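J.: Quick one, structure for this:
(one chain, ligands or ions: 1)
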Amino acid sequence: MRNSGEIGIIGLAAMGQNLALNFARKGFRVCVYNRTSERTEAFMRDRVRGEPIVPAYTLEEFARCLERPRRILLMVQAGPAADQVIEALLPFLEPGDLVMDGGNSHYADTERRMQALAARGVHFLGIGISGGEKGALLGPSIMPGGSPEAYAMVEGMLTRIAARSEEGPCCAYMGRGGAGHYVKMVHNAIEYAFMQGIAEVYDFMKTALGMSSETIAEVFERWNEGTLNAFLTELAARVLRYRDPETGGPLVERILDKAEQKGTGRWAAQSALELGVPTPTLTAAVIARTLSHFKGDRERIGAAFPWPDRRAGFPPETLADLEAALNLVVLVSFSQGLWLLHEASRAYDYGVDRAEVLRVWRAGCIIRARWLGFLREVIREDPEDPHLLFNARFRGEVQGRLPAAGRILDLAFEAGIPMPALSTAVDYVLSMRRSRLPANLIQAQRDAFGAHTYERIDRPGVFHTEWEGETHPPGVG
Ligand code: 6PG
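T.: Take a look at the predicted model:
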């Protein structure tokens, strides 16, 4: 297949293998390369069944296998590994070739690589790919970013392998520079928050309501029939039902309660802080994972910190309230993520169309959910407004669920159950609807101890006051 491969894939871990098969099954001629040849051999032997896939065992051979201009998709670990592969590949590339990074790379790395390759005349796209291993094989959600010319080189291929919803293929140009990886990062931050919300209501059902995994699974299945219809809701039910072959009990109860993370959620929180966009629920989900790691400390503190059990039975509407609460977490998480995207697109000149982002998230990706259709309508009503909360329909969905969320938070406190995603979601809405927050007192104190100045509500200007009395802690200053 010398010179005839339409797409080359580097990196044959599960995602790379499945994408190679997906491209090939859609009729594209694929060349594959992996750093260790054993994996390439195993892939060709165990998984390739007559699909037009050709293995290459050196990068030179790989480059020769591809038609010009070359289109190469990197499916290697984000971070230094991606830089190493690009460096090793460069001597075999020619101006006009295109390199795509389909991993979960940091958007700043993507922009750096894009510039470095542009200096050699080589195009570069940062492509967010969501849907896990199954999605890669059957149709992922694809979020490409970079130059429109580079995207035009692969648009046809990418839209062919993408998932489809009733709104078309789940692949669209996300914007300039690192936009693709930025959008994927926000997707993952919402993924973290959605998962955290699910974990919190599971904890409530288990700990406060004493429900079994099986019964909780039934609840998630029921919810999946309604507004909470989503891949993650359905997955929660499936996972809760799974029985451990060794013990016969629910496997989930045998799993150590320390949640891992590879970085995308944290990057989103960091980026939000840098851009000055409040994303408390997205950030709370990252922190909850971090906190879960301190298992030993939690056990030690918990043993010395009993929680009085003040439960006095639960009103019959508690499950309906929980459903409303989880809906609220989902809606608020999306609204925070979409505000972040709006500001990032402005700050970095990405040109992201958030309605397109929501369309691409409709199918194939981890956060696909029934709410996405509604959210897209809301965004389309006023694409330039950063806040979904400004939209009457969105506000109505949120407002109607607040009382239930408040009742759940009260009961959770009684039972000693932390609900960081839910409580930050409620706090966020309460804060964003307050025209006057107590930040005036913070400003007064800042001015009193540090002459940091303040503004007034009754006239323009910047003010400083020589505040009377003791303004320093006793014995300090
Ligand atoms: C996806 C997922 C995928 C991966 C995340 C998980 O959209 O298919 O987001 O990219 O599962 O990287 O991230 P953590 O390991 O940080 O949970």
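J.: SS state for the one residue in the stretch 351-477 of the chain that gets nearest to the ligand?
T.: The stretch 351-477 of the chain approaches the ligand most closely through Ile366 (4.2 Å), counting by Cβ to the nearest ligand atom. Using the backbone N, CA and C atoms, a C-beta is placed for each residue, glycine as well. Secondary structure, DSSP: H, G, I helix; E, B strand; the rest coil: Ile366 is coil.
J.: for it, what are its contacts?
T.: Listed by Cβ atoms under 8 Å, 6 or more residues apart in numbering, the contact partners of Ile366 are 130-132, 187, 191, 231-232.
J.: same thing but at 6 Å, please
T.: Contacts for Ile366 (Cβ atoms under 6 Å, 6 or more residues apart in numbering) come out as 130, 191.
J.: Same question for the one 3 residues further on.
T.: When the contact criterion is Cβ under 6 Å, 6+ apart, the partners of Ala369 are Ala230.
J.: How about the backbone phi and psi for it?
T.: phi -160, psi 160 (degrees, to the nearest 10).
J.: same question, His123
T.: According to degrees, to the nearest 10, His123 has phi -80, psi 150.
J.: partners of it in the sheet?
T.: For His123, the beta-bridge partners are Leu98 (DSSP bridges).
J.: Setting aside sequence neighbours, what's the nearest residue to the residue in the stretch 101-250 of the chain positioned nearest to the ligand?
T.: Residue nearest to the ligand within the stretch 101-250 of the chain (Cβ to the nearest ligand atom): Ser130, separated by 3.0 Å. Sequence neighbours aside, Cys365 is the residue nearest to Ser130 in space, at 3.6 Å (criterion: Cβ to Cβ, 6 or more residues apart in numbering).
J.: How about the residues of the protein by the ligand?
T.: Residues of the chain lying close to the ligand (Cβ under 6 Å from any ligand atom) are 104, 130-132, 188, 191, 260-262, 264-265, 365-366.
J.: Buried ones only from these, please, as a PyMOL command.
T.: In PyMOL, a selection of the buried entries from the residues of the chain next to the ligand looks like this (16 or more other Cβ atoms under 10 Å):
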select buried, resi 104+130+131+132+188+191+264+265+365+366
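J.: now the residues of the chain next to the ligand as JSON lines including secondary structure and pLDDT?
T.: Shown next, in JSON lines, are the residues of the chain next to the ligand (DSSP: H, G, I helix; E, B strand; the rest coil; pLDDT from 0 to 100):
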{"residue": "Asn104", "secondary structure": "coil", "pLDDT": "96"}
{"residue": "Ser130", "secondary structure": "strand", "pLDDT": "98"}
{"residue": "Gly131", "secondary structure": "coil", "pLDDT": "97"}
{"residue": "Gly132", "secondary structure": "helix", "pLDDT": "96"}
{"residue": "Asn188", "secondary structure": "helix", "pLDDT": "98"}
{"residue": "Glu191", "secondary structure": "helix", "pLDDT": "98"}
{"residue": "Glu260", "secondary structure": "coil", "pLDDT": "97"}
{"residue": "Gln261", "secondary structure": "coil", "pLDDT": "97"}
{"residue": "Lys262", "secondary structure": "coil", "pLDDT": "95"}
{"residue": "Thr264", "secondary structure": "helix", "pLDDT": "97"}
{"residue": "Gly265", "secondary structure": "helix", "pLDDT": "98"}
{"residue": "Cys365", "secondary structure": "coil", "pLDDT": "98"}
{"residue": "Ile366", "secondary structure": "coil", "pLDDT": "98"}
